[in-house]
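*Asks:* missing the sequence, but the structure's below:
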């Protein structure tokens, strides 16, 4: 059942409060390569992640062999859209290729060997998530090119208790499991690290106090569980997977 605007607003307030206060017990890996070796995270890759369709996205659905059936649709809060030739299709959280396959399969009732091409017209719901020792933790819209510094500015900057040597960046890997890397903000400020760390849809930034030990609980409680309306967020930890 879709959440009402009031319910989302109330839940959002709870998330902001909890993000700022959460602490946990957990593993305290010190090197990025140890994170992948632990089995919880994939090895980090700088490859640009594939875009995933989200709530509020406006898409152009094209049928190259029958262009008269082309149409623009908007993704509803439940992740579905209704097409004239394919009916209701649940494509929220899918890549364009995956969504094209779903639509083509649904359209075979009316078309023979349909081809489908999807293009993005508007993406108002694209977000990143910033938590931990920042002044305004929460979800923020991702507009244009934003890096680690931009994300922290959106969150009002780091708190005095934030550890700038271990800022945690989590991103969805191609197989939907999480990748994690540690970003040393001091090294960037001093010119020792020249990487830009551009952020993409669904990226999570976490500023810890002294170590990364409080990370797991933040992701599990305040991303996987407390954001049921963010259908494009779903991360696997160990042998289990939570997909919204």
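*Replies:* In hand now; what should we look at? All values reported here derive from a predicted model rather than from experimental measurement.
*Asks:* once you drop chain neighbours, what's closest to residue 49?
*Replies:* Among residues not flanking residue 49 along the chain, residue 200 sits closest, at 5.2 Å (Cβ to Cβ, 6 or more residues apart in numbering). C-beta here means a position set from N, CA and C on the backbone, and glycine is covered the same way.
*Asks:* burial of the one you found, as a residue count?
*Replies:* By other Cβ atoms under 10 Å, 15 other residues sit near residue 200.
*Asks:* okay, buried residues for stretch 93-109 please.
*Replies:* 93, 94, 95, 96, 99, 100, 102, 103, 104, 106, 107 (16 or more other Cβ atoms under 10 Å).
*Asks:* among those, which lie within helices?
*Replies:* 96, 99, 100, 102, 103, 104, 106, 107 (DSSP state H).
*Asks:* dump the residue contacts of the last one.
*Replies:* The one in question is residue 107. The contact partners of residue 107, by Cβ atoms under 8 Å, 6 or more residues apart in numbering, come to 63, 83, 85, 86, 114, 116.
*Asks:* likewise for the fourth one?
*Replies:* If a contact means Cβ under 8 Å, 6+ apart, then residue 102 has 89, 90, 91, 94 as its contacts.
*Asks:* swap the cut-off to 6 Å and go again
*Replies:* Residue 102 sits next to 89, 91 when contact means Cβ atoms under 6 Å, 6 or more residues apart in numbering.
*Asks:* how close does it get to residue 91?
*Replies:* Shown here: residue 102 relative to residue 91, a distance of 6 Å by Cβ to Cβ, to the nearest Å.
*Asks:* let me see the domain layout of the chain.
*Replies:* Recorded structural domains for the chain (assignment: automatic domain parsing) are 5-48+125-237, 58-122.
*Asks:* make JSON lines from those and add mean pLDDT to it.
*Replies:* JSON lines is the format used below for the domains of the chain (pLDDT from 0 to 100):
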{"stretch": "domain 5-48+125-237", "mean pLDDT": "71"}
{"stretch": "domain 58-122", "mean pLDDT": "95"}
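*Asks:* ranges for the strands of the chain?
*Replies:* For the chain, the strands defined by DSSP state E cover 58-62, 71-74, 80-83, 87-90, 117-122, 127-132, 138-141, 167-172, 178-183, 204-207, 234-237, 240-243.
*Asks:* mean neighbour count and distance to residue 43 added to those strands, as a markdown table?
*Replies:* Below are the strands of the chain laid out as a markdown table (neighbours: other Cβ atoms under 10 Å; distance: least, Cβ to Cβ, whole Å):
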| stretch | mean neighbour count | distance to residue 43 |
| --- | --- | --- |
| strand 58-62 | 18 | 32 |
| strand 71-74 | 15 | 37 |
| strand 80-83 | 17 | 34 |
| strand 87-90 | 16 | 31 |
| strand 117-122 | 13 | 29 |
| strand 127-132 | 24 | 22 |
| strand 138-141 | 18 | 27 |
| strand 167-172 | 23 | 12 |
| strand 178-183 | 21 | 7 |
| strand 204-207 | 25 | 17 |
| strand 234-237 | 20 | 14 |
| strand 240-243 | 12 | 18 |
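*Asks:* residue 41 is nearest to which of those?
*Replies:* Among the strands of the chain, strand 178-183 comes nearest to residue 41, with 4.5 Å by Cβ to Cβ.
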